[in-house]
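Undergrad: next input, structure requested:
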Amino acid sequence: MAKSLLIVESPTKAKTLQKYLGKEYDVRSTKGHVRDLPKNELGVDVDKDFQAKYVTIVGKAKVISELKKAAAGVPDIYLGPDPDREGEAIAWHIAESLGEKNHRFHRVLLTEITQKAIREALAKPVPLNRARFESQQARRILDRLVGYQLSPLLWQKVKAGLSAGRVQSVALRLLVDREKAILAFVPEEYWTMTACLAAKEPPRFAARLVKYRGKDIKPGNITAIENILADLEEAAFTVAGVEKKPQKRNPAPPFITSTLQMEANRRLRFSPQNTMRVAQRLYEGMTLGDEGPVGLITYMRTDSTRVSGEALEAVRSFIGGAFGEKFLPKSPHRYKSPKGAQEAHEAIRPTDVNRRPEDVKKFLKKDEFALYELIWRRFVASQMAQALFQLTTVDVEAADYLFRATATVMTFPGFTVLYQETSEEVEKEEKLPRLTQGENLELVDFDPQQHFTKPPPRYTEASLIKELEVQGIGRPSTYATILGNLQTRDYVLKIKTRLRPTELGMAVSDLLVDSFPDVMDPKFTAHLEENLDRIAEGEASWLEIMREFYGPFAQELKDAKGRMPAMRTLPSGFTCPKCGKELLIRWGRAGEFLGCSAYPECDFTQDVQRDAQGDLLPPSAPMEGHAGTPESKLGPTGLVCPDCGKELVVRRGRKGEFLGCSGYPKCRFTRDLVWGPDGKPILAEPGEQTGGAPCPQEGCDGHLVKRRSRRGIFYGCSRYPKCSFTLNQPPVEVPCPQCGFPWLRKKGKKLLCPKDACDYEESAPADAAVGG
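TA: Numbers count the residues shown, from 1 in each chain. Below you'll find the model as predicted:
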């Protein structure tokens, strides 16, 4: 009798499932999507009801062939990709690839990977969900129609290589709108007045001026402060009232995707992309010694705060045993999920609450442990008792003025023994002396302080995710990719933890807002998300939604091709140090640079340099004989340009250092920077580059270049000697299905992910395409 076949999308997940299921099931992996729209064309026929042209993804033909062999003679096939719309699309495409003639396909929804959950899911499979698949297909086609038609427009009007996206561009608009608000902000002066007072008993305390003759007061200048001080010169300070009242603070709900990304960003300084990569590993299974691979958390792409009854019982039992009955509320906390949440999913929680972080620490990498501990603590705390406080408010009268002091004291820690609020949310405990109404106080001193109103802050990754969620733009599962794209496309700079749009980002956003007001409208985008949800619930036709969107969009696209202005340069605010004319921001193959507006009469150019705040630095004077950059002063190489005969210099661009001709822009010769054994640059032979395959070392912005040594050809990082990463064989141009890194390395008969934090591996196909 043939084994039952279970197909999932991840090799790690397959390994964990095989451990639990043993010989009953043959568990196979697709290593991600198997079919998608083609990369080199639109792939959507808008005149034939938006018919999608799905093709087998490069490198997946062998995977499908192996699955067909495994499925031969197997009547029942179980499809267990992730329990979301993306997973539904993978399941749908697997079924179409294997053919429905000889098989019965069953959908298995694995919200957690534990022995019990797997058995229950296999015992109660569900049919493939057409509505969910059509919702994902509608999203994919919408994104393709917008991205593949707006991006070429930007290439034509601004510069090659730019991208636009249905959600990405709206997120960029939020950043640009905030930056404009900051630039337009005019600070206003205001003052605060605090009185330092002493009672019969210590300690001294500070009371802040809040009212004048019963009305709120906010002094606007030093004159107002001087008048107040004059009024209070002989005034007596008397306690007008003391009020004490209890306060309660509820624990935060367990994580959903967006709140996990936000909190991991705040607490652990993880990027959203890194958070999702690590969470994926924790979900799919970590090897815990003799126990083997174990799924440590539930599915991490969810917008529901629901927790199963069994998990609630387990966590309440754990709290009672570990902390005592005082820390256990009478009934479980129930949390409201965001609008449109898929309640079939659960919140992100540990699969076994009794598996404490310290129990698994020795088996996990540092980032894995940090994220698991955060998820575990948040979940357990979410079902613990409230924290209790006493708030004391003291009003002090002086002439016609009212001062107020407050103090908050914790009376019962509750959930805070396990999960403290982030530092910016913790209230500082103030202490007040024992005071009684009518008591006279001694004025020790006044402390007037001048202030100015502050502009709205730039978004952090966490606060932008929060804003996208509040406005209903995109879905939490897409936020990590969106934020990554905005930075890799040079639309946004990350200044410490804050996101600042570049000049390029602001220009692109303005062009798109002007030509595509609907696509760039957050409310329109949110409404489209609601329609995609309606499709998934079977409440709307995906074709009707597509037609409703595409008619106006096609007209806007047609109009924009004629009226969108070209923006090949932007003003820099600087003058050319060579001729005195205006310098413009321009973009070339190596990134942004400053170029003289008088070109070709004046050939001054300089790589853009920024300060720590992301502001453009003024140009420096050109070097004698060079059009020059600051780097060219430091980096004449003595090498001769093979195109024009002038000297080659070391320059720095967006992707790091490179060799460029000192005759630029008349000669545009460039070559990857390769260091010789003597530590000096050498001119690599044409073709001795890998097309910019990024270096996998954490924090390195270099890329791989082909080099020669006495032992033969090898591949090394362009940032050498700062980075010493090397590879004996060329990188294989296939993205890692587990973490998305754009290439794999070949080792014997296996392909491995080169990232230290990723353990993906697969058998190397004979036709593996390599770079170089």
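Undergrad: next, the contact list for the closest residue to Ala314 other than its chain neighbours, please.
TA: Spatial nearest neighbour of Ala314, chain neighbours left out: Val353 (5.2 Å); criterion: CB to CB, 6 or more residues apart in numbering. Bear in mind the C-beta positions are built from the backbone N, C-alpha and C, glycine included. Counting by CB atoms under 8 Å, 6 or more residues apart in numbering, Val353 touches 311, 314-315, 318, 376, 379-380.
Undergrad: among the residues you listed, which one lies nearest to Glu556?
TA: Among the contacts of Val353, Phe379 lies closest to Glu556 (CB to CB), at 45.9 Å.
Undergrad: and that closest one, how far is that from Ala347?
TA: Separation of Phe379 from Ala347 (CB to CB, to the nearest Å) stands at 7 Å.
Undergrad: now for these two: what residues contact both?
TA: Residues touching both Phe379 and Ala347 (CB under 8 Å, 6+ apart) are 254-255.
Undergrad: in terms of pLDDT, where does the residue nearest to Pro357 when sequence neighbours are not counted sit?
TA: Nearest in space to Pro357, with sequence neighbours left out and distances taken as CB to CB, 6+ apart, is Glu373 at 4.0 Å. On the pLDDT scale, Glu373 is placed at 98.
Undergrad: my read: Glu373 touches Asp359, true?
TA: No. Using CB atoms under 8 Å, Glu373 is not in contact with Asp359; the gap is 11.0 Å.
Undergrad: can you work out which residues contact both of those two?
TA: Shared contacts of Glu373 and Asp359 (CB under 8 Å, 6+ apart): none.
Undergrad: which parts of the stretch 51-200 of the chain are helices?
TA: Taking DSSP state H, counting those that start in this stretch as the criterion, the stretch 51-200 of the chain contains helices spanning 61-71, 85-98, 115-123, 130-157, 168-184.
Undergrad: least confident secondary structure element in the protein?
TA: Across the helices and strands of the chain, the lowest-confidence element by mean pLDDT, DSSP states H and E is helix 630-634, at a mean of 35.
Undergrad: how about the residue of the chain most remote from its centre, secondary structure?
TA: No residue in the chain sits farther from the centre than Glu234, which is 58.3 Å out by CA atoms, centre = their mean. Look at Glu234: counting by DSSP: H, G, I helix; E, B strand; the rest coil, its state is coil.
Undergrad: quick check: pLDDT value at it.
TA: Confidence at Glu234, expressed as pLDDT, is 91.
Undergrad: how close does it get to Leu441?
TA: Using CB to CB, Glu234 is found at 15 Å from Leu441.
Undergrad: for Gln447, list the residues it contacts.
TA: Quick fix: residue 447 reads Asp, not Gln. Taking CB under 8 Å, 6+ apart, one finds 193-196, 206 in contact with Asp447.
Undergrad: for Glu601, same thing?
TA: Residues near Glu601 by CB under 8 Å, 6+ apart: Cys579.
Undergrad: A helix includes it, no?
TA: No. Counting by three-state DSSP, Glu601 is not part of a helix but coil.
Undergrad: out of the helices of the stretch 51-200 of the chain, indicate the one that is most buried.
TA: Neighbour counts (mean count of other CB atoms under 10 Å) averaged over each of these peak at helix 85-98, with a mean of 22.
Undergrad: next, the angle helix 130-157 makes with that helix.
TA: Per axes from the mean of the first three to the mean of the last three CA atoms, to 10 degrees, the angle that helix 85-98 makes with helix 130-157 is 100 degrees.
Undergrad: ok, back up a step: need the contacts of Val353 in JSON lines with secondary structure, can you?
TA: Output for these, formatted as JSON lines (three-state DSSP):
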{"residue": "Ala311", "secondary structure": "helix"}
{"residue": "Ala314", "secondary structure": "helix"}
{"residue": "Val315", "secondary structure": "helix"}
{"residue": "Phe318", "secondary structure": "helix"}
{"residue": "Trp376", "secondary structure": "helix"}
{"residue": "Phe379", "secondary structure": "helix"}
{"residue": "Val380", "secondary structure": "helix"}
